[in-house]
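Visitor: Got a sequence here, can you model it:
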Amino acid sequence: DLLATINLTRNDIFITNTILCRPENNRSPEKSEIENCRERLDQTIIHINPKVIVTIGNFATERILQKKGITQLRGKIHPLQIYNKECQVVPIIHPANFLYNGRNPLMWQQMVEDFKIIHSVINHTKQQPTLKDY
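Guide: Got it, this is the predicted structure:
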């Protein structure tokens, strides 16, 4: 539903996780587990070569931006040099949080606003001229 608010579908995006093996009992991953998956995630990012990375929740945001505090970081554009390439990172609250909070309408509106930011970043990167444009 959130993707639809910015005219995207799952076919338009690439999704991966910080770690691929969910810890027992759905507990939060430990730093060592995130670190064990570092190379796989790094190689995925190198291969995909994204211009925009949307980090979903605390763990992905901390892993990519090396910063904590998703509620303060969410919905803002964070320029990042990743593997010698410019990228824009937009952290968002994990959509599961919306469900855990009883589908709070205020939280939904914040998420929709965050997706508008994502949409603006995507549109801006599409408009950037490349060498072939000259």
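
Visitor: what about the closest residue to residue 94 other than its chain neighbours, how many residues close to it?
Guide: The shortest distance from residue 94 to any non-neighbouring residue, by Cβ to Cβ, 6 or more residues apart in numbering, is to residue 57 (3.5 Å). The C-beta positions use only the backbone N, C-alpha and C, and glycine is treated the same way. Residues lying near residue 57 (other Cβ atoms under 10 Å) number 18.

Visitor: and residue 57, what does it touch?
Guide: Going by Cβ atoms under 8 Å, 6 or more residues apart in numbering, residue 57 touches 70, 92-94, 96-97.

Visitor: between those residues, which has the most around it?
Guide: Most surrounded of these: other Cβ under 10 Å gives residue 92, at 24 neighbours.

Visitor: So the closest residue to that residue other than its chain neighbours versus residue 75, what's the distance?
Guide: If the residues on either side of it in the chain are set aside, residue 92 comes closest to residue 114, at 4.7 Å by Cβ to Cβ, 6+ apart. To residue 75, residue 114 is 4 Å away according to Cβ to Cβ, to the nearest Å.

Visitor: could you list every residue that touches residue 79?
Guide: By Cβ under 8 Å, 6+ apart, the contact set of residue 79 is 86-89.

Visitor: Can you tell me the strand partners of the longest strand belonging to the chain and which way each runs?
Guide: The residue-count maximum for a strand in the chain (DSSP state E) belongs to strand 85-92. Strand 85-92 has the following strand partners under DSSP bridges: strand 52-56 (parallel), strand 78-82 (antiparallel).

Visitor: Need the overlap of contacts for residue 114 and residue 75.
Guide: Taking Cβ under 8 Å, 6+ apart as the criterion, residue 114 and residue 75 both touch 90, 92.
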